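# sequence? don't have it. structure:
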């Protein structure tokens, strides 16, 4: 969406005012809520299936805020690491199409965008590169705390085109997880001891969002 808006600014594409407004509404009311929901669901499922990790997160919250919930703080490294590791393993947005304006190598290109071919940038594959992330298929939040990994995941992009919604998405997820951690000491998934395999419908979605194959139900006590 932002790439298209940049092309409008640069005079390479034209949009009516109502079309620009529609794109901004999609970004604010469509993409961000879905990304937050996906990130919260996968983070919560990871905590629900690891009681020791959940206990450590709750202890960290009590250390920072005491008996009162208060507001999430930056000095909650483990909780932030859980969210970051979740976004690495299960990116809320599975991939994002990009226009190809210079010769490149890779797989087959999809249909054209603004008269140019485009390719799908798959964040999930880059985030599980074993040369960058040791034991890439293992959920290990402490990799971000013990120096095992220092490279940022590509979940929200990199550089000047990095997703501007990243801080909002992560802060909303942090607020929800800390609220649940403060209120409930036991999290379970009654119908499944482990999360089901996530799927991504790349055939029908411009920005495919990571989701679970079956409905996920939690019990909080």
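Yep, it's here. It should be emphasised that the depicted structure is a prediction, and the values quoted were computed from it without experimental measurement.

# which of the three states applies to the closest residue to residue 158 other than its chain neighbours?
Spatial nearest neighbour of residue 158, chain neighbours left out: residue 152 (7.0 Å); criterion: Cβ to Cβ, 6 or more residues apart in numbering. Using the backbone N, CA and C atoms, a C-beta is placed for each residue, glycine as well. Under the three-state scheme (DSSP: H, G, I helix; E, B strand; the rest coil), residue 152 adopts coil.

# correct me, but residue 152 touches residue 159?
No - look at residue 152 against residue 159 with Cβ atoms under 8 Å: they stay out of range, at 10.8 Å.

# these two - which one has more neighbours?
Between residue 152 and residue 159, counting by other Cβ atoms under 10 Å, residue 152 is the more crowded of the two (15 against 5).

# pLDDT wise, what is that one at?
For residue 152, the pLDDT comes out at 86.

# so where's the chain shaky on pLDDT?
Low-confidence segments of the chain (pLDDT under 70): 1-6, 20, 22-31, 67-74, 97-98, 101, 103-118, 191-209, 213.

# quick one, helices of it?
2-9, 17-26, 32-48, 51-65, 77-89, 123-126, 166-183 (DSSP state H).

# surely residue 183 touches residue 221?
No - in terms of Cβ under 8 Å, residue 183 does not count as a neighbour of residue 221; the distance is 9.9 Å.

# give me the number of residues near the residue nearest to residue 128 when sequence neighbours are not counted?
The shortest distance from residue 128 to any residue other than its chain neighbours is 4.0 Å, reached at residue 136 (Cβ to Cβ, 6+ apart). Using other Cβ under 10 Å, residue 136 has 16 other residues around it.
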